[in-house]
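Student: quick one: sequence plus predicted model below, questions after.
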Amino acid sequence: MSDMKWRTEVMPDPLQTKIAVNAKCIFAGSCFAENLGAFLQQYKFNVLVNPTGIIFNPIAIANALETGASNTIPSQDRLFNHVGLWRHPDVHSNLAHPNRDSAWNLIENAYNALHQHFTQSSHIAVTFGTAWVYNERSSGKIVANNHKLPAAHFTKQLLSVNEIVNTWQPFIAQFPEKQWIFTVSPVRHTRDGMMQNARSKAILIESVNQLAENNKNVYYFPAYEIMMDDLRDYRFYEQDLIHPNQQALQYIRSLFVQTCLDDHAAKWMAAFEPIIAARNHRPLFPDSQEHAAFKKSILLKLESLKKEYPIMHIAEELDYFAS
């Protein structure tokens with residue numbers, strides 16, 4: 001009885017070229033990419049996360065990264081006004097603005113930031129969310145965001161594996177020096193229906209595995225499989241039964257750290273974690289001697305970390321605990 005197993009564990013293979021403390025990275029794609037990227041940002045890694053906003057489909061993600069990599073920007077002619085905001089089909093609505101010039105400035109700044117970070121990044125992490133795409137009828141182009149326009153503006157299409165691979169392969173080949181990390185979002189897109197979501201995820205998984213088989217610098221981190229096969233219990237979901245809860249995300253992130261970060265970076269995270277907890281601590285008596293002593297002890301830890309990890313930017317934390 002002692003050797004009985006109660007779950008099927010998924011253990012990813014290690015990333016060949018792991019993320020170091022001084023690495024620059026880009027995380028692009030679905031909301032899961034934002035979760036992973038923000039997690040590393042919390043630990044002061046130099047990570048740029050979705051500068052053009054959340055994008056779910058592989059073609060639009062590739063278009064955004066290619067545009068940034070080539071130091072170009074989308075056509076300004078495709079700006080349109082919808083319910084009082086100027087928007088662009090190639091970016092998320094978080095870059096929309098009531099003023100047309102202001103909206104365009106946000107878009108220009110986003111792509112400039114993407115270009116600058118892309119040229120210096122050693123790792124590009126991409127999360128595919130869905131293989132379902134919306135084609136704009138007026139241009140025939142796949143959009144990154146439909147901005148809740150009427151359905152008559154679009155035709156809906158399920159991408160094929162070949163379409164995804166043929167879009168990404170030449171782009172990856174341009175940058176053999178970069179380490180590409182692909183994931184498939186563990187969030188199910190139930191608006192398409194369970195059957196169609198299953199078709200979509202299967203296409204995405206096969207696409208990224210083909211890219212990994214064809215390119216030595218492409219790695220697949222199985223976030224979707226970890227959620228579906230390892231954490232296959234609804235206690236690991238939010239109340240909507242769709243999104244992974246914090247416990248599940250924490251587990252997936254821990255496996256990402258274990259397989260994708262080098263030992264020095266993992267050691268840094270373990271050392272910095274008490275600093276994050278201390279920063280989030282809300283004292284009952286902030287003016288007390290006890291709290292002053294607590295801040296001083298954290299400040300001493302930070303000063304020690306600064307000597308050991310001079311590359312990490314912790315000036316904000318030093319100022320906070322010195323005040």
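Tutor: Now that the structure is in, tell me what you want to look at.

Student: where along the chain do the strands fall?
Tutor: Residue ranges of the strands in the chain, as given by DSSP state E, are 24-29, 46-49, 80-82, 85-87, 123-128, 132-136, 154-158, 179-184, 218-220.

Student: list of residues touching the last one?
Tutor: Applying Cβ atoms under 8 Å, 6 or more residues apart in numbering, the contact partners of strand 218-220 are 13, 15-16, 172, 179-183, 208-209, 211-212, 260. Glycine gets a C-beta too; all of them are placed from N, C-alpha and C.

Student: among those, which one sits closest to N71?
Tutor: Nearest to N71 among these, counting by Cβ to Cβ, is I172 at 18.5 Å.

Student: return the per-residue confidence for that closest one.
Tutor: pLDDT recorded at I172 is 98.

Student: can you tell me how far it sits from E66?
Tutor: I172 sits 11 Å away from E66, going by Cβ to Cβ, to the nearest Å.

Student: who has more neighbours out of those two?
Tutor: I172 (19 against 16; other Cβ atoms under 10 Å).

Student: enumerate every residue touching the more buried one.
Tutor: Residues in contact with I172 (Cβ under 8 Å, 6+ apart) are 180, 211, 215, 217-218.

Student: between those residues, identify the one with the most neighbours.
Tutor: In terms of neighbours by other Cβ under 10 Å, the contacts of I172 top out with V218 at 23 neighbours.

Student: give me the beta-bridge partners of that one?
Tutor: For V218, the beta-bridge partners are W180 (DSSP bridges).

Student: residue contacts, L106?
Tutor: Taking Cβ under 8 Å, 6+ apart, one finds 95, 97 in contact with L106.

Student: what's the answer for the one 5 residues further on, then?
Tutor: Neighbouring residues of Y111 by Cβ under 8 Å, 6+ apart: 51-52, 67-68, 72-74.

Student: and P51, how many neighbours?
Tutor: P51 has 23 nearby residues by other Cβ under 10 Å.

Student: do the same with W268
Tutor: W268, neighbours per other Cβ under 10 Å, totals 22.

Student: first-to-last residue distance for stretch 125-136?
Tutor: With Cα to Cα, to the nearest Å as the measure, the ends of stretch 125-136 fall 27 Å from one another.

Student: repeat for stretch 140-152
Tutor: Using Cα to Cα, the two ends of stretch 140-152 sit 13 Å apart.

Student: so what touches it?
Tutor: Contacts for stretch 140-152 (Cβ under 8 Å, 6+ apart): 52-53, 55, 57, 59-61, 63-64, 82, 87, 89-93, 96, 133-137, 153-154, 157.

Student: again, but for stretch 222-235
Tutor: For stretch 222-235, the external contacting residues (Cβ under 8 Å, 6+ apart) are 7-10, 12, 32, 127, 183-186, 201, 205, 236, 241, 244, 247-248, 251-252, 255-256.

Student: please state the offset of it from the chain centre?
Tutor: 18 Å (Cα atoms, centre = their mean, to the nearest Å).

Student: before we move on, back to that, reformat the contacts of I172 as CSV; add distance to L318 and pLDDT.
Tutor: Formatted as CSV, the contacts of I172 follow (distance: Cβ to Cβ, whole Å; pLDDT from 0 to 100):
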residue, distance to L318, pLDDT
W180, 35, 98
L211, 42, 98
N215, 41, 98
N217, 37, 98
V218, 39, 98
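
Student: tell me the one among those nearest to R100.
Tutor: Each of the contacts of I172 was checked against R100 using Cβ to Cβ; the closest is W180, at 35.7 Å.

Student: test my guess that the closest one contacts N215.
Tutor: Yes. Between W180 and N215 there is a contact at 7.2 Å, judged by Cβ atoms under 8 Å.
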